[in-house]
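**Student:** this is a predicted model, with the sequence first.
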Amino acid sequence: MTTDAIVMPTTELDLEKVLLSGQTFRWQRDDQGWWISPIGSDGTILRAQQESGVLYVEACGGRAKDIAALYFHAGTSLLSLRDRWLSDDALELAVAIDNSPGLRIVRQDPVECLFSFLCSSAAPIHRIRRCVDGMSRLLGRDLGVHHGVQLWAFPEVERLAGVLRADLDSLGLGFRGRYIGDAARMVVERGGSHWLASLRSATYEEAKLELVQIPGVGEKVADCVCLFSLDKHQAVPIDVHMARVARRKFDECRDVKSITPKAYETFSGSFRARFGEFAGWAQQYFFYAEIERRGLWDQELGRHRPKPLSP
DNA sequence: CTCGCACCTCA
DNA sequence: GAGGTGCGA
């Protein structure tokens, strides 16, 4: 296995920031301090390490450089996005980019992405990680030990389609478990992973319309799948955090309380109206900053939160 | 259309 | 009480 190098300054990619920002749930550090993760169900493994403006990558199951360039949307320059937003008079966004340099959208495997976000409702990132890991251990292909870490591929959707509710009981999915089997069966019916991936060439509206048919998939999850795996850069997932941001930012959102379907469109559409075809990327900056601002990252990632000492 | 609530754990 | 969805009122 060879190591490829991709020139990517930290203003274009901050590996740790991106991998832990709640888009993706399987990355971990190996015994050499590199980031490593299985990608999707086909046995692909990607390893990455960033050093003085260069991204070093290795892969099993393909050419590392190609896999990584796709996975990190290397063709999309944050600097150009920033310029575009600057000239569109979206100054606040240029500032948001400067406050979280190197944050970008990843391009995940659609099946893995769908089932990851199916586990995401009312769950912090560390819990989603546990669920995804559990599904992979239980139903995914054993990929062996790599640089000190045991890896499993994400389960084939056909495998998930055969799963019983009781099989998932041990994984801590909670009520989220009830959707997995039904969702997988619908995807298989439509043509499996090939069908999901084919939505990449559909329009955003078409893709979303298809996704929300899947049991357990509402607008939020559909938008996550669109943005994080189907190349729909204009998809803006709205959760309670982004709704709060929208209320602060846009007049037409100020008095919209709960996230009803109509309200969802108001929130989401406001970002699109203001930030255009890459509104989803804009959303990621505001989302990141909002979690930061509220000091929620430690909680999300399950890091030990130091208890305030008594005086 | 909007509201309220259950859904399973875990923190 | 939770970064959501689906149900009935």
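**Tutor:** Yep, that arrived. Numbers count the residues shown, from 1 in each chain, chains lettered A, B, ... in the order given.

**Student:** what helices and strands are in contact with the host helix or strand of A:L55?
**Tutor:** Per DSSP states H and E, A:L55 falls inside strand A:54-60. Counting contacts by 3 or more Cβ pairs under 8 Å, 6 or more residues apart in numbering; DSSP states H and E, strand A:54-60 packs against strand A:4-7, strand A:44-51, helix A:64-71. (C-beta placed from N, C-alpha, C; glycine too.)

**Student:** direction included, what does that strand pair against?
**Tutor:** Looking at strand A:54-60 with DSSP bridges, its partner strands are strand A:4-7 (antiparallel), strand A:44-51 (antiparallel).

**Student:** in the stretch 151-300 of chain A, what residue lies closest to DNA strand C?
**Tutor:** A:G218 (2.5 Å; Cβ to the nearest atom of the strand).

**Student:** who's in contact with the residue lying closest to that residue once chain neighbours are set aside?
**Tutor:** In space, and not counting its chain neighbours, A:G218 is closest to A:V212: 6.5 Å by Cβ to Cβ, 6 or more residues apart in numbering. Residues near A:V212 by Cβ atoms under 8 Å, 6 or more residues apart in numbering: A:G218, A:E219, A:A222.

**Student:** in helices, which of the residues you listed fall?
**Tutor:** Per DSSP state H, helices hold the following members of the contacts of A:V212: A:E219, A:A222.

**Student:** buried subset of the contacts of A:V212, written for PyMOL?
**Tutor:** Buried residues within these, by 16 or more other Cβ atoms under 10 Å, are selected in PyMOL with:
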select buried, chain A and resi 219+222
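
**Student:** and which of the contacts of A:V212 is nearest to A:A68?
**Tutor:** Using Cβ to Cβ, the shortest approach to A:A68 within those belongs to A:A222, at 26.7 Å.

**Student:** and A:L81, how far is that from DNA strand C?
**Tutor:** Noted for A:L81: a distance of 20 Å to DNA strand C, by Cβ to the nearest atom of the strand, to the nearest Å.

**Student:** the closest residue in space to that residue that isn't next to it in sequence - how many residues pack around it?
**Tutor:** Spatial nearest neighbour of A:L81, chain neighbours left out: A:F278 (5.9 Å); criterion: Cβ to Cβ, 6+ apart. For A:F278, the neighbour count with other Cβ atoms under 10 Å is 19.

**Student:** spell out which parts of chain A neighbour DNA strand C.
**Tutor:** By Cβ under 7 Å from any atom of the strand, the residues of chain A that approach DNA strand C are A:22, A:120-125, A:175, A:212, A:215-222, A:238-241, A:259, A:287, A:291, A:296, A:300.

**Student:** please repeat the previous calculation with a cut-off of 6 Å.
**Tutor:** Counting by Cβ under 6 Å from any atom of the strand, the residues of chain A close to DNA strand C are A:22, A:121-122, A:124-125, A:175, A:215-221, A:239-241, A:287, A:291, A:300.

**Student:** I'd like the contacts of A:V212 as a markdown table, with distance to A:R141 and pLDDT appended.
**Tutor:** As requested, the contacts of A:V212 are exported to a markdown table (distance: Cβ to Cβ, whole Å; pLDDT from 0 to 100):
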| residue | distance to A:R141 | pLDDT |
| --- | --- | --- |
| A:G218 | 30 | 97 |
| A:E219 | 32 | 97 |
| A:A222 | 27 | 98 |
